[in-house]
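In: sequence? don't have it. structure:
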């Protein structure tokens, strides 16, 4: 058996909801540098995120994300509205959501609005902090996702 036969599952599915291509690029670079086996889907506004999550239209075959990285400042529908819809949808409520923010004040706003998130990452995304977050969230998705073995 060859080395590729050690792969016993699939990479983690990550939905990145970010309107800034520069910030999205930095986040994806952090994933690559950290060698996190994952497949990233990028959507650039809140309405598109909800269509992706609802598997509507062109997203009919979209994968169910194991992790959602969500910017709060989005066009069309802001991140708080997207988060509210995620948390009230039974099929999505258990998906870990990490808020990407440039302001520490967002934590207080979300607490006041009773919107639960799993954690926050300050932008630009720091590789070490991001990897700590992914490791801490593994308990949510490890039972469903079996990652390829790393040599």
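Out: In hand now; what should we look at? Small disclaimer: the values here were computed from a predicted structure and weren't measured.
In: got the residue ranges for the strands in the protein?
Out: 12-17, 38-43, 67-71, 97-101, 119-122 (DSSP state E).
In: These: lowest mean pLDDT?
Out: With a mean of 66, strand 119-122 has the lowest mean pLDDT of these.
In: related to what we said a few turns ago, tell me which of the strands of the chain sits nearest to residue 91.
Out: Distance to residue 91, taken as CB to CB, is lowest for strand 67-71 among those, at 13.0 Å. Bear in mind the C-beta positions are built from the backbone N, C-alpha and C, glycine included.
In: For the strands of the chain, give me CSV that also has mean neighbour count and distance to residue 32.
Out: CSV is the format used below for those (neighbours: other CB atoms under 10 Å; distance: least, CB to CB, whole Å):
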stretch, mean neighbour count, distance to residue 32
strand 12-17, 23, 12
strand 38-43, 18, 9
strand 67-71, 24, 14
strand 97-101, 23, 17
strand 119-122, 16, 16
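In: Tabulate the ones you listed (a markdown table), appending distance to residue 89.
Out: Converted to a markdown table, the strands of the chain look like this (distance: least, CB to CB, whole Å):
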| stretch | distance to residue 89 |
| --- | --- |
| strand 12-17 | 14 |
| strand 38-43 | 16 |
| strand 67-71 | 12 |
| strand 97-101 | 12 |
| strand 119-122 | 20 |
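In: Fine by me, we can end here.
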